[in-house]
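Novice: Sequence plus predicted model, see below.
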Amino acid sequence: MALTAHTTAYTGDINDWALETHTFGPFAAAAFSGTVPLMILPETCDIEKITMRWSTASGSGTALFESAASGTAPGSGTALTGAELTSGTANVPVDLSFVTTNPQINLPSGSVISFRASGSATGLVGLMVQITTRKSPTRRDTSTDAQKVDKSRYFYTSKV
């Protein structure tokens with residue numbers, strides 16, 4: 001999996017109100033054993049972006065981010081990203097690539113977002129993780145990448 005240069009999820013679009021940024025860390029090498037649950041989604045949302053940054057790189061450690069639906073144990077969920085190396089340049093935020101080609105990953109409320117660590121994370125210091133979510137029903141139209149709001153979920157029309 002290739003890491004990409006960091007970009008902001010906020011575009012200045014009218015629907016940016018639906019974006020939420022969640023930041024976790026700093027984590028050190030000691031946190032890199034097994035699965036580390038980061039958050040429980042309070043509502044259905046799309047995962048827009050996952051970004052990592054560290055102050056001191058690891059030897060050859062990797063982090064894989066996953067989601068586990070309610071009732072599924074963390075560590076047994078579905079991969080959101082590939083195994084990303086944490087041995088790159090320090091103090092440079094990098095956006096992770098999703099394993100799906102769909103620009104959004106829609107997850108139900110109650111899902112847990114975790115990272116699974118493997119490899120040698122010796123020396124890793126100051127790992128910060130930022131997850132950007134978009135509240136549903138605000139969705140990105142994948143054909144044009146335009147922002148849209150499903151207004152049918154907000155308005156009630158009665159017949160008189």
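Specialist: The structure has been received and is ready for your questions.

Novice: surely R134 meets C45?
Specialist: Yes: with contact defined as CB atoms under 8 Å, R134 and C45 form a contacting pair (6.0 Å). C-beta here means a position set from N, CA and C on the backbone, and glycine is covered the same way.

Novice: any shared contact partners between the two?
Specialist: Common contacts of R134 and C45 (CB atoms under 8 Å, 6 or more residues apart in numbering): E20.

Novice: pLDDT weak spots in the protein?
Specialist: 1-16, 30-33, 101-104, 121, 137-160 (pLDDT under 70).

Novice: mind redoing it with 90?
Specialist: By pLDDT under 90, the low-scoring segments of the chain are 1-21, 25-36, 42-49, 54-64, 69-79, 82-90, 94-109, 115-127, 133-160.

Novice: That one: strands as residue ranges?
Specialist: Under the criterion DSSP state E, strands of the chain are mapped to 4-5, 19-27, 34-40, 45-53, 62-68, 78-79, 84-85, 94-95, 105-107, 112-118, 127-135, 138-141, 146-149.

Novice: so can I have JSON lines of the ones you listed showing mean neighbour count?
Specialist: Listed next are the strands of the chain as JSON lines, based on neighbours: other CB atoms under 10 Å:
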{"stretch": "strand 4-5", "mean neighbour count": "10"}
{"stretch": "strand 19-27", "mean neighbour count": "16"}
{"stretch": "strand 34-40", "mean neighbour count": "15"}
{"stretch": "strand 45-53", "mean neighbour count": "21"}
{"stretch": "strand 62-68", "mean neighbour count": "22"}
{"stretch": "strand 78-79", "mean neighbour count": "14"}
{"stretch": "strand 84-85", "mean neighbour count": "18"}
{"stretch": "strand 94-95", "mean neighbour count": "20"}
{"stretch": "strand 105-107", "mean neighbour count": "18"}
{"stretch": "strand 112-118", "mean neighbour count": "21"}
{"stretch": "strand 127-135", "mean neighbour count": "21"}
{"stretch": "strand 138-141", "mean neighbour count": "16"}
{"stretch": "strand 146-149", "mean neighbour count": "13"}
